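Here is the input, now give the coordinates:
(4 chains)
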There are 2 protein chains.
Amino acid sequence: MPWKPADDLAQSVALEVLLHGPLARVELARRLDLAPATLTRISAELIDVGLLVETPQLAERRAGRPSIPLDVVAEAHYFLGIKLTGDAVMAAVTNLRAGVVNYFELALSSTEPETVVERIAAAAGRAGGSYPIDAIGIGLGGVVAGDGSVSSAPFLGWTDVPLARLVQQATGIPAFAANDLTAFMEAQHWFGLGAGHDNFAALTLGVGVGFGCVANGRLLANDDSGVGLVGHWPLDPLGPMCNRGHRGCAESMLTVPAILRDISTALDRPVDWTEFLSLVRAGQPAATGIATSSGRALGRLIAAVANLVAPSFVVVGGEGVDLAAVSARAVDEGIREQRDPRASTVKVELTSGTNESWCRGAAVIALQGYVLDRRRVASHRPALSSIDT
Amino acid sequence: MPWKPADDLAQSVALEVLLHGPLARVELARRLDLAPATLTRISAELIDVGLLVETPQLAERRAGRPSIPLDVVAEAHYFLGIKLTGDAVMAAVTNLRAGVVNYFELALSSTEPETVVERIAAAAGRAGGSYPIDAIGIGLGGVVAGDGSVSSAPFLGWTDVPLARLVQQATGIPAFAANDLTAFMEAQHWFGLGAGHDNFAALTLGVGVGFGCVANGRLLANDDSGVGLVGHWPLDPLGPMCNRGHRGCAESMLTVPAILRDISTALDRPVDWTEFLSLVRAGQPAATGIATSSGRALGRLIAAVANLVAPSFVVVGGEGVDLAAVSARAVDEGIREQRDPRASTVKVELTSGTNESWCRGAAVIALQGYVLDRRRVASHRPALSSIDT
DNA sequence: GCAGTTATTTCACCACACGAATAAACATGG
DNA sequence: CCATGTTTATTCGTGTGGTGAAATAACTGC
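Presented below is the predicted three-dimensional model:
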């Protein structure tokens, strides 16, 4: 039973249910501005194909005939999400609701395209043993074109590798590739903190600093996505120097390696991330000092983002999220420094930044590609969409 | 003959022609993904109501039956655009194509709402003598709610003034109000440099520094629009001090008053803007010094914008645009400083920033309100629009 | 049980966009 | 200057597919 809504209308209904949880027919009719009669017909079709089911009604009981929420059958489809790094292939299998049902990692002996594709195919094989995979999504740091070919990925030494096509040929399963931050953002937008929001931004802290933004309901993206344009954003004229000669740029203040370098130098011994965090919590002076100045820098970056793109809130994620948690006060200070007091306060939300969540993002790329049937021509949407309201 | 496209389809067709110039039926069919037959019918209707006309065919002659471009009849409707300042009401009458057909100014003796409304009504009366005005648009610096009421406008001393409603009551003509930058952006988007583009940003230099951004086909806007959030953006740690204690912020580096203060102090005599510009062109050291550092600061601001919102290009406007012209090289340097060399180069476009162009922006607010029939419920557009492609 | 309320279904209707064929209006070339 | 090819516009019958109104179903509250 493939995802095959007959027409455009059925597609909208299916998507609305997929994205905004179980919804009754009346509610769907309201949201999509359709007559109740139409929804009876369409939902019947979709239930018939096995895409939707009537849930045991958990809606609040009011007067009148109770509504029957319709939900997508989460286990109708499975997707494989791959996060590529220089030395490992991390894989997660998710269902239609982007819930992770399986996670594992494979080591990577070489970064040659053939090897990588072979490993991904191996992951697909392993995942396919337990779950029928409908599509594969791959996320990686670098510039990825819309057709899933990797324009450039410095950490792999790749230039113009048609990754999606290669994986599709090797596995026989539809494959999609995207920049890892794009994948992260799409996952946030469809199933994460950004679900149901048309305007929000996100920052990820880790080996580098990432930025993404959903504006007017769509991800802001262009050919430069993946270059990492906020990496060298100036945050502190007195901060440390990065390898490109910027003083106090985002890379030098906010990345995990930079912070670990700082604290290790201060204590004159190697310190890892979890130890750094506990040192900060314990009040160790060097650690709190670093956390405070980095937190303030993060706040300034958040303020800059908020000032320019006017998001409803800013999500912070990535392996280094906890910096925002342990230095929350400094972050607030940093925001206040560069935020007009007359403006609304900036809401900051933290989210997990584990490898599994990066894989989930990649799986969402697969899910979107499958559900929206990419490779179709540009969608039927007239000038109005870019204008009204 | 009012703007009354019968149905949704007719509306899209009319808008497409209004926004994207004369278009043949085939071309419209292609763009809106409709059958040629449909376009024959719809365009017949629209020609019937007097909204469209067949133009004397100026399309390039190829083989086959020549196409007949359809165009909107520009003089079918007129709009009054008002730009409010603390001491004057500036007014422009435009046609449906947002072409200015009349411009005049009225002095303002007081900033009391009653007085202002009375003066606007006077302007409407004067304009209405020559042209039948279909709607009035008002642009002003400050925070304006979606319904056209002014939440706060410091330079007028206003809080919660239902301006649009008052003007509508006083004149009997539909009235709309918006932040002046919003108006400027909408005008750029529909009829200016941003016409046909879904992603671009703009900066205005004048008494203050303004910023606006069209992302994914719509203006980025929220409750903070109008607060002027980029005004105190840090651009130069060694720059002059602004009145809020920021060193080298946008206000202190880029506004016309700040620059004039600088040059006047340096030369120990009052200097006005045009003289400043000629001094720079003549190579006067103090003037070129100021222009260079301000230009570089502008470049940095442009780079910041480009890095975050990924626009196709950045428009610079406002009364102080010419700063960007006379210090073009410094602007480029400033951009290079904070732009990753791997990223695409930032295109910068200059546009006029006269009072007339601000009024034109306000007129576009009126035009949009009229044409899109604001006060209707949210438009019929299902979940898809926020998702696909 | 009865009244009130809200959700869903049934079904005939009809607007409206479409497909295919046709006509119109040019360029080109011998 | 006519034949041919090409592209645009129109005509018209057809059928999809969303709708409106009324009926029905399934509750709550009293």
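
What ranges does the stretch 1-150 of chain A have for its strands?
Taking DSSP state E, counting those that start in this stretch as the criterion, the stretch 1-150 of chain A contains strands spanning A:52-54, A:70-72, A:78-84, A:88-95, A:100-107, A:133-140, A:143-144, A:150-153.

taking those strands together, which one is wrapped up most tightly?
Mean neighbour count (mean count of other C-beta atoms under 10 Å in any protein chain shown) peaks for strand A:78-84 among the strands of the stretch 1-150 of chain A, with a mean of 29. Quick note: C-beta positions are derived from backbone N, CA and C, even for glycine.

Number of residues surrounding the residue of the stretch 101-250 of chain A found nearest DNA strand D?
Using C-beta to the nearest atom of the strand, the single residue of the stretch 101-250 of chain A nearest to DNA strand D is residue A:217, 22.1 Å away. Residues lying near residue A:217 (other C-beta atoms under 10 Å in any protein chain shown) number 19.

Look up how far residue A:19 lies from it.
11 Å (C-beta to C-beta, to the nearest Å).

Kindly report the same for residue A:201.
Distance from residue A:201 to residue A:19, by C-beta to C-beta: 20 Å.

In terms of neighbours, single out the busier of these two.
residue A:201 (26 against 17).

coming back round to it: redo the strands of the stretch 1-150 of chain A as TSV? Include mean pLDDT and distance to DNA strand C.
Below are the strands of the stretch 1-150 of chain A laid out as TSV (pLDDT from 0 to 100; distance: least, C-beta to the nearest atom of the strand, whole Å):
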stretch	mean pLDDT	distance to DNA strand C
strand A:52-54	93	8
strand A:70-72	95	8
strand A:78-84	97	29
strand A:88-95	97	24
strand A:100-107	97	29
strand A:133-140	97	28
strand A:143-144	94	34
strand A:150-153	94	36
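
From the chain's centroid, how far away is the longest helix along chain A?
Across chain A, the longest stretch assigned as helix under DSSP state H is helix A:285-309. Relative to its parent chain, helix A:285-309 has a centroid offset of 22 Å by C-alpha atoms, centre = their mean, to the nearest Å.

can you check stretch A:339-353 too?
Averaging C-alpha positions (C-alpha atoms, centre = their mean) puts stretch A:339-353 19 Å from its chain's average.

for the helix or strand harbouring residue A:259, packing partners?
According to DSSP states H and E, residue A:259 maps onto helix A:256-267. Helix A:256-267 is packed against helix A:273-282, helix A:285-309, with contacts defined by 3 or more C-beta pairs under 8 Å, 6 or more residues apart in numbering or on different chains; DSSP states H and E.

Now chain A against DNA strand C: closest residue?
Closest to DNA strand C within chain A is residue A:64: 1.9 Å, counting by C-beta to the nearest atom of the strand.

okay, now that residue: neighbour count?
6.

for residue A:109, same thing?
10.

surely it meets residue A:118?
No. Using C-beta atoms under 8 Å, residue A:109 is not in contact with residue A:118; the gap is 10.1 Å.

The closest residue to residue A:90 other than its chain neighbours and residue A:353: what is the separation?
Nearest residue to residue A:90 in three dimensions, chain neighbours excluded: residue A:83, at 4.4 Å (C-beta to C-beta, 6 or more residues apart in numbering or on different chains). From residue A:83 across to residue A:353, the span is 12 Å (C-beta to C-beta).

so which helix or strand takes in the residue of the stretch 51-200 of chain A found nearest chain B?
Relative to chain B, the nearest point of the stretch 51-200 of chain A is residue A:198 (6.2 Å; C-beta to the nearest C-beta). Of the helices and strands defined by DSSP H and E, none includes residue A:198.

how many other residues sit next to it?
Residues lying near residue A:198 (other C-beta under 10 Å) number 16.

In the stretch 151-300 of chain A, what residue comes closest to chain B?
Residue nearest to chain B within the stretch 151-300 of chain A (C-beta to the nearest C-beta): residue A:217, separated by 3.2 Å.

That residue and residue A:198 touch, don't they?
Yes. Assessed by C-beta under 8 Å, residue A:217 is found in contact with residue A:198 at 4.3 Å.

where does chain A come near DNA strand D, residue by residue?
A:6-9, A:33-38, A:41-42, A:61-66 (C-beta under 7 Å from any atom of the strand).

Show me which of those residues are buried.
Among the residues of chain A next to DNA strand D, those scoring as buried are A:9, A:34, A:42 (criterion: 16 or more other C-beta atoms under 10 Å in any protein chain shown).

which ones are touching the first one?
What that stands for is residue A:9. Going by C-beta atoms under 8 Å, 6 or more residues apart in numbering or on different chains, residue A:9 touches A:32, A:34, A:38, A:42.

What segments of the stretch 1-150 of chain A are helices?
Chain-ordered helices for the stretch 1-150 of chain A, with DSSP state H, counting those that start in this stretch as the definition, fall at A:8-19, A:25-32, A:36-49, A:113-130.

about what we covered before: model confidence for the residue of the stretch 151-300 of chain A closest to chain B, exactly?
pLDDT for residue A:217: 94.

still on that earlier bit, among the helices and strands packed on helix A:256-267, show me which one is buried the most.
Highest mean neighbour count among the helices and strands packed on helix A:256-267 (mean count of other C-beta under 10 Å): helix A:285-309, with a mean of 23.

Tell me how many other residues surround residue A:96.
Using other C-beta under 10 Å: residue A:96 sits among 20 other residues.

Next one: the closest residue to it other than its chain neighbours from residue B:357, what distance?
What sits nearest to residue A:96 in space, not counting adjacent residues and going by C-beta to C-beta, 6+ apart, is residue A:77, at 4.7 Å. Distance from residue A:77 to residue B:357, counting by C-beta to C-beta: 53 Å.

And residue A:327, by the same measure?
Distance, residue A:327 to residue B:357, by C-beta to C-beta: 46 Å.

Perfect, I'm done here.
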